[in-house]
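# return atomic coordinates for the entry below.
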Amino acid sequence: MPADLLQSRIVVVGASLAGLRAAEKLRDEGFTGPLTIVGDEPHPPYDRPPLSKQVLFGKVPAYSTGLPMRRDPQAEWRLGVRATGLDTAGKRVLLADGESLPYDRVLIATGTRARPWPHPQEAALDGVFTLRTSDDAEQLAERLNAGPRRVLVIGGGFTGSEIASACRERGIAVTVTERGPAPLVGALGGTLAKLAAAMQRNHGVDLRCGVTVTALRGDGHFTGADLSDGSRIDADVCVVAMGAVRNVEWLAESGLAAGARGIACDAGCRAFTMYGLVTDDVFVAGDVSRFPHPLFDYQMLSLEHWRNAVDQAEVAAHNMVSPEPERRPHLTVPTFWSSQFGLNIKSVGVPTFSDQVVIAQGSLQARRLAMVYGFRGRVTAAVTVDMAKSLEYYRNLIETAAPFPPPPGASDRGPAAEVPVPSDVPDPSGLYHGPTVALTGHLPDRRLVMMRPTR
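Numbering: from 1, shown residues only. Presented below is the predicted three-dimensional model:
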């Protein structure tokens with residue numbers, strides 16, 4: 001391997017899961033040069049899934065969710081300082097404290113942040129929270145420990161549903177408002193969303209679908225919210241769970257294909273410029289990236305998943321210090337999981353990339369099932385509810401482009417009795433929550449008017 005690739009300067013922007021795993025992988029690959037990791041939070045890397053799955057349940061404190069280091073990355077840590085720009089011509093990362101960091105190659109792993117309530121004065125009310133960081137989780141857990149009379153959750157996606165589940169486990173009254181027809185419908189489609197809605201209501205959640213919150217009320221302290229149907233919710237805690245915003249604003253002048261859907265990169269994690277040219281010194285990994293995947297028509301895939309952050313970070317790190325013939329693509333099939341209301345939900349593939357679904361095992365009535373998604377006659381995803389042992393079988397069907405509906409094979413009751421029905425995936429613009437796996441088209445976000453010189 002060329003010495004210059006192993007001994008040059010690398011800067012990783014983003015000190016969370018993807019940034020840490022990339023730094024470790026760089027050292028595993030033999031990189032011996034100077035390595036700097038920049039993070040806008042003052043905390044060392046920590047794990048985010050436990051924030052809504054354990055911290056809010058009161059099982060563990062927020063400060064105990066730190067990520068274990070598999071090895072010392074021997075890096076210079078620049079925590080609590082935000083990156084404000086990327087000078088791709090001068091090869092420098094610009095920082096909020098006025099410094100700049102020179103690099104030979106840079107990895108962008110800045111992830112996402114919680115989408116705030118759009119009205120700043122209402123968002124600033126005491127008792128209004130979002131949930132993304134460990135500080136968010138600590139503050140919200142403290143408020144739940146105080147025993148609020150009711151919590152309002154705005155958004156019925158995975159985060160909102162897990163927050164509602166935590167509230168009910170604690171015996172706290174909770175109302176969930178969702179602009180769409182059901183919770184989780186943007187991620188899983190209409191059939192499973194019916195199960196999600198039934199489970200919430202069976203556990204005492206006041207679920208309001210097809211409505212929007214028009215205003216948050218209070219005089220310094222949150223006291224309730226007005227809904228579009230004319231009703232009012234009285235509550236003393238509000239959690240805004242309206243999805244995520246990708247942290248790309250600092251790249252506005254970089255010339256990269258960075259926009260609201262993330263930073264476009266190739267399958268080898270190399271960033272595209274706004275003109276569609278691939279770079280060779282700027283790499284991308286984690287939630288902030290979007291990349292083409294051959295299993296899904298080479299559309300750009302955006303993921304907000306733990307497993308993808310790890311796998312993509314390791315591919316990016318390998319490619320950053322490897323010559324072209326030794327580089328490899330990031331082709332991991334998306335997976336994610338959620339635990340809520342006593343159910344374990346696991347997914348593989350892209351459920352939103354579908355036109356039909358079929359229950360291949362179990363049933364909605366039993367609340368234990370495997371649902372398989374298809375698009376144009378081939379399997380593209382599967383979601384299991386309390387049936388995770390079957391997921392590997394369906395992953396193989398996705399990877400081999402098996403025909404849909406699937407043949408018997410993993411069934412615990414013989415051939416499926418169900419017949420395929422439309423997957424009923426709604427337009428995400430009509431939801432409070434969006435899919436955690438999304439196909440974002442073939443092109444970068446910006447459309448340029450090409451100016452040709454005249455002779």
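# beta partners of the residue nearest to residue 281 when sequence neighbours are not counted?
Nearest non-adjacent residue to residue 281, counting by Cβ to Cβ, 6 or more residues apart in numbering: residue 105, 4.8 Å away. From N, CA and C alone the C-beta is placed, and that goes for glycine too. Taking DSSP bridges, one obtains residue 10 as the residues bridged to residue 105.
# how many residues are close by residue 105?
24 (other Cβ atoms under 10 Å).
# show me what contacts the residue lying closest to residue 376 once chain neighbours are set aside?
Leaving aside its sequence neighbours, residue 376 sits nearest to residue 355 (Cβ to Cβ, 6+ apart; 6.8 Å). Contacts for residue 355 (Cβ atoms under 8 Å, 6 or more residues apart in numbering) come out as 374-376, 422-423.
# quick check, pLDDT for residue 355.
For residue 355, the pLDDT comes out at 93.
# that one and residue 10, how far apart?
From residue 355 over to residue 10 the distance is 43 Å, taken as Cβ to Cβ, to the nearest Å.
# kindly report the same for residue 113.
In terms of Cβ to Cβ, residue 113 sits 24 Å off from residue 10.
# wait, isn't the residue nearest to residue 281 in contact with residue 10?
Yes: if you go by Cβ atoms under 8 Å, residue 105 and residue 10 touch, sitting 5.3 Å apart.
# between these two, which contacts overlap?
residue 320.
# hey, where'd the strands end up in the stretch 201-350 of the chain?
In the stretch 201-350 of the chain, the strands defined using DSSP state E, counting those that start in this stretch lie at 206-209, 213-218, 222-227, 232-234, 237-240, 244-246, 258-259, 262-264, 270-272, 278-284, 289-292, 300-303, 335-340, 343-349.
# next, format these as a markdown table and append mean pLDDT, distance to residue 137 and mean neighbour count.
Conversion of these to a markdown table gives the following (pLDDT from 0 to 100; distance: least, Cβ to Cβ, whole Å; neighbours: other Cβ atoms under 10 Å):
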| stretch | mean pLDDT | distance to residue 137 | mean neighbour count |
| --- | --- | --- | --- |
| strand 206-209 | 98 | 23 | 19 |
| strand 213-218 | 98 | 21 | 17 |
| strand 222-227 | 98 | 18 | 18 |
| strand 232-234 | 98 | 23 | 15 |
| strand 237-240 | 98 | 11 | 27 |
| strand 244-246 | 95 | 15 | 19 |
| strand 258-259 | 94 | 28 | 24 |
| strand 262-264 | 96 | 24 | 29 |
| strand 270-272 | 98 | 31 | 24 |
| strand 278-284 | 97 | 27 | 21 |
| strand 289-292 | 95 | 25 | 26 |
| strand 300-303 | 90 | 22 | 24 |
| strand 335-340 | 92 | 16 | 20 |
| strand 343-349 | 95 | 21 | 22 |
